[in-house]
Structures are given as structure tokens and as C-alpha cells.
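[1] just coords:
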């Protein structure tokens, strides 16, 4: 009887809901994991960049400090030799005076015809030389003591910098290891999400996660109107290249970068499309004006969505290897229209606008 009542009628269709709900939950879980992993890669990349900068600064300071300590050590040795020589000369003069019973520095044979005024002049000249020698000796001693203090201080600073360099190197290695692991997870998640063709909800998820975690504010827009799409890269496949991978030639410029590298808008504009699941994987197109479009493809995650406005140098995505990709890189195009087939050489196009790749 229960199977024929209203409750039973409602219960039977419910038997078909769990598979759909499970698939939806799986997709939602993937999107959440992708957002969290993207955020982790962003934060680890920023931390690794700061650690690398600090390490470089400390290494530079350490080298400068060691060079200074070496120069001070050399100057100290030279000044000590000078002080010892001055003291030796002063001792020789004192010994000569003691033996001759005269304040003249060395015993001399005085000619019989020598007048007293000549002897007095020699006496005064010798006295001035002795005073000057005594002053130089005191100055050399003070200089030696000052150099000894400075040399010890330079060595102490070098020791502290050396210890800090060791700590920073350990931090760099730890952050690098965590970043590599996060990039591996990001690559796997982004490829799975991209193959599912459902990447429309990622911008909001990543942005919300970033806001909740208080990620550092976006990089300030450069004063110039155009910027490179990535900061550090190696140019790989260029525009118009031929090969088995491209039926009609390569339509853009590839930048070989690790998964999770920040991708930035080359200019001011508005995001016109975000696609997922085709040969470009996760891909974004930005319009910069009439007849000017830029495309960023094979991404792992995006930070902005269709309709949003962007500025030059603003981070809009993370690089990846989604779609038909042979390895981690950013595929970048400049087009006259939002569609394929209207591309121009991105390197030459950017060069005319003051950006040399």
C-alpha cells in the first residue's frame, strides 16, 4: 500500500537522485580543492619569492662584509708593520743618544771648524724629527687599535650573516619543496576539471578563497600601458611555427613556466570569455579595445571571470598544462578578433608597445 500512496510516488523518483547528487558533489569538491590548491600555490609562490629576495640580499651583504673584513685585516697587518718599524727606529735613535750622551740622534764626528750655531741647528732639527716620529708612532698605534676593533666587528657581522644565510637557505628549500608538491596537485586537479568542461565557477571560488585568506593585495599596475604576460619565463614555440602539433602553424607565443606561475593581463581591458575543455584547456580572452584581443591558454586556474575589467600587470590566472599541452607553459595570443585565425605575432606586437620579451 505504501508504494501506491503519495509518499511512495515521491520515493520512487528519489531513487534516481543520488547518482546525480554524487556527481555534483564530486565536481564541487574538485572546484573547492582547485580553489584551495590555487590559493596555496599563490601564497607559496609569494613566500618563496620573498625568501629568495631575502636570501639574495643577505648573500650580497655577506660577500660585501667578507670583502670589507679582508680589506680591514690587510690594513691592520700593514699598520702593525708600520708601527713596529716606527718603534724600531725610535729605539735606534734612543740608543744612539744614550751612547753619545747627546740628544742628536746619531753620533757624528764634529769637524774642528764647526761653529756652535751649526750644531744648534742640527740639534733643533733632530729634536723636530724625534717629535714627528713620536707623533707618527702614536697615530699608528691608534690606527692599529681602531682597525682591530673594525676588523673584529666585520668578522662578527659576517658570522651573523652566514648563520642567517643558512637559515634562509633552509627556508628556501622547504618552501620550494612545498611549492613543487602544490604544483603537482594543481596540475592534476586542473586537468581533471578542464576535461569535465566545467570551469565557469572557478573564478568566484578562487577569488572568495583568496579574500577569506587575506592574500596579499594585487600588484600595483605599472605606469606603462602594456606589460609582459609573465615575469620570468623561457620563450619556447613561437608564432607561425610548424610541426605535427599544429595543423596550420602555431598561432601564438609559448612561455615555458612552471605550473602555477602568475599570469598577468598585458593591458587594460575586459574579460570577454572563459572556456574550458577544448584543445586550449582552461583559456581566457581579454579585449583591450576595438580590434585588439589577447588570449591566455592552458591555464590551471583563473582569478577573474567574464565581464570583469583588468588593468596592465594585474594577475588574472595561474599557468598550467590543461588541454592539448605537452608540458607546463602559457600559450599567449594577440588577435584582431576574439576568434582564432586573426592572430598577429605577439612578440612584435608587444615590442611596438614598449614591451620586449
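    Perfect, I can see it now. These figures come from a predicted structure and were not determined experimentally.
[2] can I assume residue 339 sits in a strand?
    No: the assignment for residue 339, made by DSSP: H, G, I helix; E, B strand; the rest coil, is coil rather than a strand.
[3] that one: neighbour count?
    Other residues near residue 339 come to 10 when the count uses other CB atoms under 10 Å. C-betas here are computed from N, CA, C, even on glycine.
[4] cool, and residue 195?
    Using other CB under 10 Å: residue 195 sits among 13 other residues.
[5] distance of it from residue 276?
    The gap separating residue 195 from residue 276 is 9 Å, by CB to CB, to the nearest Å.
[6] for residue 49, same thing?
    Note on residue 49: its distance to residue 276, by CB to CB, is 28 Å.
[7] higher neighbour count, those two?
    residue 276 (23 against 14).
[8] checking that one next. Helix, strand or coil?
    With three-state DSSP as the criterion, residue 276 reads strand.
[9] shouldn't it be in contact with residue 193?
    Yes: with contact defined as CB atoms under 8 Å, residue 276 counts as touching residue 193 (7.4 Å).
[10] tell me the contacts of residue 285?
    Under the criterion of CB atoms under 8 Å, 6 or more residues apart in numbering, the neighbours of residue 285 are 271, 272, 273, 274, 293, 294, 295, 296, 338.
[11] okay, and the third one sits in which element?
    Using DSSP states H and E, residue 273 maps to strand 269-278.
[12] what is the mean pLDDT for the next helix or strand after that strand?
    Remark: after strand 269-278, the chain's next helix or strand is strand 281-289, criterion DSSP H and E. In this model, strand 281-289 has an average pLDDT of 94.
[13] hmm, back to that, name only those of the contacts of residue 285 that count as buried.
    271, 274, 293, 294, 295, 296 (16 or more other CB atoms under 10 Å).
[14] for residue 349, state which of those is nearest.
    Residue 349 lies nearest to residue 294 out of these, by CB to CB, at 9.3 Å.
[15] how near is the closest one to residue 327?
    If you go by CB to CB, the gap between residue 294 and residue 327 works out to 22 Å.
[16] which helix or which strand is home to the most centrally placed residue in the chain?
    Nearest to the mean C-alpha position of the chain, by CA atoms, centre = their mean, lies residue 49 at 4.4 Å. Using DSSP H and E, residue 49 falls within helix 17-100.
[17] what helices or strands is that helix leaning on?
    Secondary-structure packing of helix 17-100 (3 or more CB pairs under 8 Å, 6 or more residues apart in numbering; DSSP states H and E): helix 116-195, helix 202-212, strand 292-302, strand 315-319.
[18] any chance of the ones you listed in JSON lines, plus mean pLDDT?
    Listed next are the helices and strands packed on helix 17-100 as JSON lines, based on pLDDT from 0 to 100:
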{"stretch": "helix 116-195", "mean pLDDT": "83"}
{"stretch": "helix 202-212", "mean pLDDT": "54"}
{"stretch": "strand 292-302", "mean pLDDT": "93"}
{"stretch": "strand 315-319", "mean pLDDT": "90"}
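[19] the nearest residue to residue 336 once chain neighbours are set aside and residue 335: what is the separation?
    Leaving out its chain neighbours, the residue that sits closest to residue 336 by CB to CB, 6 or more residues apart in numbering is residue 342, at 4.1 Å. Residue 342 sits 5 Å away from residue 335, going by CB to CB.
[20] which one's more surrounded, those two?
    Neighbours were counted for residue 342 and for residue 335 using other CB under 10 Å; residue 335 has more, 22 against 14.
[21] go ahead and confirm that one touches residue 297.
    No: between residue 335 and residue 297 there is no contact under CB under 8 Å: 11.9 Å.
[22] quick check: neighbours shared by the two?
    Between them, residue 335 and residue 297 share no contacting residue, judged by CB under 8 Å, 6+ apart.
[23] how about the contacts made by the closest residue to residue 162 other than its chain neighbours?
    Leaving aside its sequence neighbours, residue 162 sits nearest to residue 62 (CB to CB, 6+ apart; 6.2 Å). By CB under 8 Å, 6+ apart, residue 62 lies in contact with 158, 161, 162, 165.
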